[in-house]
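In: Predicted model, plus sequence, below.
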Amino acid sequence: MLSLTNKHILLGITGGIAAYKCAELARLFIKAGAQVRVVMTRAATEFVTPLTMQALTSNRVHIDLLDAEAEAGMGHIELARWADLILIAPATADFLARMTHGRADDLLSTLILATPAPVAVAPAMNQGMWADAATQANLQVLGQRQVHIFGPDSGEQACGDVGAGRMIEPLALSAACAELFATGFLAGKHVVLTGGPTREAIDPVRFLSNHSSGKMAYALAAEAVAAGARVTLISGPVSLPTPKDVTRIDVVSARQMLDATLDIVGEADIFIGVAAVADYRPEDSAIEKIKKHADTMQLTLVKNPDIISTVANLADKPFVVGFAAETEKLIEHGKEKLQKKNLDLLFANNATDTFNSDAVAVTVISADGEQAIKPGSKQTVARLLLQEIAQRLPAAKK
Ligand code: PMT
């Protein structure tokens, strides 16, 4: 599946004449549904104006490493985490050399070191510079470090030379980027997820709930589609759009979430409980709005059914993955939940940092031990978590 929908692309522009093609490239990314942020080197601003890129992407262009204004909003570490892909286009010979040496002397080179996202380069330079042994050796090192190298093309160059070194055309470049997301490692699998909060009614206008925004579940659902899966998302009340190609079932309470889950889970290969399900609900929900008479009032709460435990104890259970959001003893509590709920895998995250945030840090806990995943945007981390699941699937089921 080739899609850039909802992908966060950080477009890094360095100082070469091909920089003018980046206006068209940014437009193609946006047309394909991606969000684009632009980082330029100082030299790049000599070839294309930041204002042009800002107008095309509707986002401020970032240039300086030490930028007090950016640090208050989206500083360099946030940018590095926000990206699902960093594309350097055009990538000059000088910038490739600096990347090879791991330099961090401007914003763009620093981002490349800091990001957990894949990095791609579209080299563009004079044919002699391209053919030079130093450039070729640099490219080899970058390739070994999993940097994706797109191009260059051959042909007539701006300097009048003819040969290899032209940046590949924007259309081919955007297609090459889309291909990076066409993993397909969950092809043929049906993934069922719960996400968001539940609401437990006190009366017709009041409820008990929590701060879950649904962002983690929705990112997992979108990435599961990108990985080729059929995806059903059972969602509590959130204000997020349904990711493309996801079947969404809306519920409100924990008991509705359980019913919707049991209706569908027999068809699932993988069940992921991302929802922050209310553990308790009011014993009785008043039919009319409760009036304010006394200075205090008491609510009697009763336990809600445990949805994920119910699924994990089915005779023909799917591969069952839980989440744990903890404020303390993350690993200890995560391990307890893995065991107590009979889960195949558990993703532990810090409750104070994760609810309603765009970024997340997750530790994967299984019977074999635990492993921290590099923090990043929920979308980037979601892809890594799905890979963790996929690696373990054959041993578990179906
Ligand atoms: O929605 P966001 O703002 O993006 O935030 C994401 C998140 C913090 C909600 C998510 O990453 C997360 O951690 N979800 C689990 C929250 C939690 O603390 O769950 P828990 O410890 O109460 O439950 C552990 C597991 O049991 C979870 O998989 C939960 O879905 C499941 N559970 C819990 C209670 C219950 N009655 N039924 C369940 O299925």
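Out: Nice, thanks for sending it over. This structure is a prediction, so every number in the text was calculated from the model and none was measured. Numbering: from 1, shown residues only.

In: Residue numbers of the stretch 201-350 of the chain in contact with the ligand?
Out: Residues of the stretch 201-350 of the chain lying close to the ligand (Cβ under 6 Å from any ligand atom) are 212-216, 254, 273-277, 279, 304, 306-308, 322-325, 337, 349. Placement of C-beta: from N, CA and C, glycine included.

In: go again using 5 Å as the cut-off
Out: Applying Cβ under 5 Å from any ligand atom, one finds that the stretch 201-350 of the chain approaches the ligand through 212-216, 273, 275-277, 304, 306-308, 322-325, 349.

In: Now, of the residues you listed, which are buried?
Out: Buried members of these, scored by 16 or more other Cβ atoms under 10 Å, are 212-216, 273, 275-277, 304, 306-308, 322-325, 349.

In: Inside strands: which ones of those residues?
Out: Within those, residues falling in strands by DSSP state E are 273, 322, 323, 324, 325, 349.

In: Not counting sequence-adjacent ones, nearest residue to the first one?
Out: What that stands for is residue 273. By the measure of Cβ to Cβ, 6 or more residues apart in numbering, the closest residue to residue 273 outside its immediate chain neighbours is residue 308, 3.9 Å from it.

In: Now do the same contact list for the one you found.
Out: With Cβ atoms under 8 Å, 6 or more residues apart in numbering as the criterion, the residues that contact residue 308 are 194, 271, 273, 320, 322, 341, 343.

In: And for residue 168?
Out: 122, 150, 151, 152, 153, 176.

In: Which residues are in contact with the fourth one?
Out: Taking Cβ under 8 Å, 6+ apart as the definition of contact, the neighbours of residue 152 are 122, 123, 124, 125, 130, 164, 165, 166, 167, 168.

In: Out of those, give me the one that has the most neighbours.
Out: Taking other Cβ atoms under 10 Å to define a neighbour, the member of these with the most is residue 123, carrying 30 neighbours.

In: Quick check: buried residues in stretch 11-31?
Out: Here stretch 11-31 shows 11-19, 21-23, 25-26, 28-30 as buried, counting by 16+ other Cβ under 10 Å.

In: Just the endpoints, please. Distance across it?
Out: For stretch 11-31, the first-to-last residue distance is 15 Å (Cα to Cα, to the nearest Å).

In: Please apply the same query to stretch 270-278.
Out: For stretch 270-278, the separation between the terminal residues is 22 Å (Cα to Cα).

In: how's the chain carved up into domains?
Out: Here the chain is described, according to automatic domain parsing, as comprising the domains 8-178, 190-397.

In: Just checking the distance from the longest one to the centre of its chain.
Out: Yep, that's domain 190-397 we're talking about. Between the centre of domain 190-397 and the centre of its chain there are 17 Å (Cα atoms, centre = their mean, to the nearest Å).

In: same deal with stretch 117-124?
Out: Put simply, stretch 117-124 sits 19 Å off its chain's centre (Cα atoms, centre = their mean).

In: what sits up against it?
Out: The contact list for stretch 117-124, computed with Cβ under 8 Å, 6+ apart, reads 10, 16-18, 80, 83-93, 96, 99, 112, 130, 135, 139, 142, 146-152, 165-168, 173, 176-177, 180, 376, 380.

In: how does it look with 6 Å?
Out: Where contact means Cβ atoms under 6 Å, 6 or more residues apart in numbering, the residues beyond stretch 117-124 that reach it are 16, 18, 83-91, 112, 147-152, 167, 173, 380.

In: Give me the pLDDT value at the closest residue to residue 95 other than its chain neighbours.
Out: Spatially, and ignoring its direct neighbours in sequence, residue 95 is nearest to residue 14 (4.3 Å; Cβ to Cβ, 6+ apart). The score at residue 14 is 98. That number is its pLDDT.

In: what separates residue 14 from the ligand, distance-wise?
Out: The spacing between residue 14 and the ligand, counted by Cβ to the nearest ligand atom, to the nearest Å, is 35 Å.

In: was I right about that residue contacting residue 94?
Out: No: Residue 14 sits out of contact with residue 94 when judged by Cβ atoms under 6 Å, with a separation of 7.6 Å.

In: Between these two, which contacts overlap?
Out: In contact with both residue 14 and residue 94: no residue, using Cβ under 6 Å, 6+ apart.

In: Mind giving me the packing neighbours of the stretch of helix or strand residue 98 belongs to?
Out: Secondary structure assignment for residue 98, by DSSP states H and E: helix 93-100. On a contact count with 3 or more Cβ pairs under 6 Å, 6 or more residues apart in numbering; DSSP states H and E, helix 93-100 meets helix 133-144.

In: Please state the offset of the helix it packs on from the chain centre?
Out: 29 Å.

In: Going by neighbour count, which residues in that helix are buried?
Out: Of the residues in helix 133-144, those buried under the neighbour-count criterion (16+ other Cβ under 10 Å) are 135, 138, 139, 142.

In: next SSE after it?
Out: Moving toward the C-terminus from helix 133-144, the next helix or strand (DSSP H and E) is strand 148-149.

In: Now do the helix or strand just after that next one: everything it contacts.
Out: Downstream of strand 148-149, the next assigned helix or strand under DSSP H and E is strand 153-156. By Cβ under 6 Å, 6+ apart, the list of residues contacting strand 153-156 from outside reads 162, 164, 166, 168.

In: Can you tell me which of the residues you listed is closest to the ligand?
Out: residue 168 (37.0 Å; Cβ to the nearest ligand atom).

In: Nearest residue to that closest one in space, please, no chain neighbours.
Out: With sequence-adjacent residues excluded and distances taken as Cβ to Cβ, 6+ apart, residue 168 is closest to residue 151, at 3.7 Å.

In: Next, count neighbours for that neighbour.
Out: Using other Cβ under 10 Å, residue 151 has 23 neighbouring residues.

In: again, but for the one 4 residues further on
Out: By the other Cβ under 10 Å criterion, the neighbourhood of residue 155 contains 12 residues.

In: Can you list the buried residues in the helix or strand containing residue 353?
Out: Counting by DSSP H and E, the element that carries residue 353 is helix 351-354. Taking 16+ other Cβ under 10 Å as the neighbour-count basis, helix 351-354 is seen to contain the buried residues 351, 354.

In: cool, stretch 237-255 as well?
Out: By neighbour count on 16+ other Cβ under 10 Å, the buried set for stretch 237-255 is 237, 238, 240, 243, 245, 246, 248, 249, 251, 252, 253, 254.
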